[in-house]
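Peer 1: would you be able to build a 3D model of this:
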Amino acid sequence: MSETAKKTSAKVLVFSTEKISDPAIDLAGLLKLHYPPTVYVITVPCSSSVKPKWIMHAFEKGYDGVFIAADGSDCPFSETCTEKTSDIIAQTHILMKEKGMNPAKLKMAAICSVCAEPFVKHMNNFVEELSRN
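Peer 2: As a prediction, this is how the structure comes out:
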């Protein structure tokens, strides 16, 4: 277990896309890049397919944070993926505020298929940030 994981215990759920961000997460493993073992990944076809109720369900089940590893402009399914995913984040932020939750517990970033290092950096920073609060 890495030193980061020992110090923190924030649990993060990542919605990752099978064609774009999953290869980056796999690459992180191949390169032996470390991120906390409290990061769990669920694969979806497209980040714009994530539903706000899925995100809220993750929080209800005890996740401290949710990260959407979005396709960005590389999405093979929709030219408007970025806008749709941003709308999902905005809708969920409203739901979170209504429930008195900190919207900073939900983040999104475009993770390309070779973005292993940026993904690991996002996870380490997010878990650390969540663990401080």
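
Peer 1: ends of stretch 25-44, what's the gap?
Peer 2: End-to-end distance for stretch 25-44: 14 Å, by Cα to Cα, to the nearest Å.

Peer 1: all further residue positions should be reported with the first residue as 27.
Peer 2: Happy to do that; since the first residue is 27 now, the last one works out to stretch 51-70.

Peer 1: where along the protein do the helices fall?
Peer 2: Using DSSP state H, the helices of the chain run over residues 29-33, 47-56, 78-86, 107-124, 142-158.

Peer 1: outside of the longest one, which residues touch it?
Peer 2: By that I understand helix 107-124. 72-74, 76-78, 81-82, 85, 94, 96-99, 101, 104, 128-129, 131-132, 134, 136 (Cβ atoms under 8 Å, 6 or more residues apart in numbering). Using the backbone N, CA and C atoms, a C-beta is placed for each residue, glycine as well.

Peer 1: next one: stretch 48-67
Peer 2: Contact with stretch 48-67 is made by 27-28, 30-31, 34-40, 42, 69, 89, 95, 137-146, 149-150, 153, as judged by Cβ under 8 Å, 6+ apart.

Peer 1: just name the shakiest helix or strand of the protein by mean pLDDT.
Peer 2: helix 29-33 (a mean of 48; mean pLDDT, DSSP states H and E).
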